[in-house]
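>>> Here is my input; please provide its structure:
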Amino acid sequence: MTPSNRWLWLIGLLLAGWLIYLLTPILSPFLIGVLLAYLGDPLVDRLERWKLSRTLAVVAVFALFSLILLAALLIVLPMLGKQLMHLYQLAPRALDWLQVSALPWLQAKLGLAEEFWRFDRIKAVFSEHLGQTTDIVGIVLASATTSSLALLAWLGNLLLIPVVSFYLLRDWDLMVARLRVLLPRRNEETTVQLVGECHEVLGAFLRGQMLVMLALGVIYAAGLMIIGLDLGLLIGLLAGLASIVPYMGFVVGFGAAVIAALFQYGGDLYPLIGVAAVFTVGQLLEGMLLTPLLVGDRIGLHPVAVIFAILAGGQLFGFTGVLLALPVAAVVMVLLRHVHVLYKLSDLYREPSNSHEPPGPA
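Residues are numbered from 1 along each chain as shown. Sure, this is the predicted structure:
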């Protein structure tokens, strides 16, 4: 690559980043549509191998996704709303428990001053807002309908997602083939190799890790609800979502479940044993069955890199940046692997030749 071509590529990347920044408010439905199309493409390809047409296979996959979404809306969402309301109403009592029981015990153990904890003000503010309304849906709708144009834009973006997903999923293989034809002939093999590695990493993470998150969320939620924890569904789903980073789901879910069990059952030992058993079973299933079966060892994204990518994407581009964070991180990781190999082969890495050797014969 000549220096002029390098400058052109650099200018092109800067312009692309600037354009993404300008289009951030409208990119979310398109990125979600691309994500859904990418996740559904293997299912459509499998149905095509069963002698179905591409359009009919896409319709079948969309019907499956719609049934799953409908089941979540009709079954899970009402239960989750009740638990959120229960948590909202229990917050003042939790603050009382912290102020009367937990914090004085901690204060005595650590030797802190008597006025070190000031939770009375927090409780007063929270109780004031709780007395105003107990309808969380009403609060959300009131804030959303302050601007009719904003509400219409939000509904339009929501309806745009399935339309974009359908057309991208139907034409996915065709678009990939056309993009490959446009590749420079001299760089086609290297580019296809890099794209294949990126696809392997992204597929393992987006498909495999999301299935692991879903399975862990179901396991944790079902187990906590079986032992009678009032907030079991909420904590289980939270632990499943946090499992996008390895071991974070266990830490977040187990800590929240222990606190909820202590608050609900007091010092009773059996609920705590039940919580420990639920998360132990979840970790054993994740380590011995779910991760080896669904993900394998193909991701290679360090947990710290995952956390940094999500936070950096959200800070730079908001929700759009969160959607782009992990795919971009996976692509950067693949490119860094090849840069590392090239660096090991370069003169900069190799030991310098011995300049004191006598010259050879003329």
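>>> Quick check: which ranges of this protein have low pLDDT?
Counting by pLDDT under 70, the ranges of the chain that qualify are 1-5, 111-151, 295-301, 319, 351-362.
>>> quick one: the strands in it?
Ranges of strands in the chain, per DSSP state E: none exist.
>>> State the distance from the spatially most central residue of it to R180.
In the chain, the C-alpha nearest the mean C-alpha coordinate belongs to I244, at 5.4 Å (CA atoms, centre = their mean). From I244 over to R180 the distance is 31 Å, taken as CB to CB, to the nearest Å. In this view, the C-beta of every residue, glycine as well, is placed from N, C-alpha and C.
>>> next one: V304
34 Å.
>>> if I look at the nearest residue to G321 once chain neighbours are set aside, how far off is I227?
Nearest residue to G321 in three dimensions, chain neighbours excluded: G313, at 3.3 Å (CB to CB, 6 or more residues apart in numbering). G313 is 37 Å from I227, where distance means CB to CB.
>>> Settle it for me: which of those two has more neighbours?
In this view G313 and I227 are compared by other CB atoms under 10 Å, and G313 has more residues nearby, 21 against 18.
>>> gap between that one and A60?
Distance, G313 to A60, using CB to CB: 33 Å.
>>> coming back round to it: same drill for V304 and R180, tell me which one is more crowded.
Between V304 and R180, counted using other CB under 10 Å, R180 has the larger neighbour count: 12 against 9.
>>> Do I have it right that the more buried one meets N187?
No - using CB atoms under 8 Å as the test, R180 is too far from N187 to be in contact (11.7 Å).
>>> I'd say G249 and L216 touch.
Yes - G249 is within contact range of L216, at 6.0 Å (criterion: CB under 8 Å).
>>> hey, what's in contact with both of the two?
239-240, 243 (CB atoms under 8 Å, 6 or more residues apart in numbering).
>>> Of those residues, which is the most crowded?
Within the shared contacts of G249 and L216, A239 tops the neighbour count with 29 neighbours, counted by other CB under 10 Å.
>>> Tell me who's in contact with the nearest residue to it once chain neighbours are set aside.
Distances taken as CB to CB, 6+ apart put G253 closest to A239, at 2.6 Å, once the chain neighbours are dropped. Going by CB under 8 Å, 6+ apart, G253 touches 220, 235-236, 238-240, 242, 279.
>>> can you check G223 too?
By CB under 8 Å, 6+ apart, the contact set of G223 is 232, 236, 274, 277-278, 281-282.
>>> let's see 10 Å
Neighbouring residues of G223 by CB atoms under 10 Å, 6 or more residues apart in numbering: 229, 232, 236, 257, 274-275, 277-282.
>>> measure it to V322 for me?
G223 is 29 Å from V322, where distance means CB to CB.
>>> Is S66 in contact with P162, as I believe?
Yes - the criterion here is CB atoms under 10 Å, and S66 meets it with P162 at 8.5 Å.
>>> Thanks a lot, catch you later.
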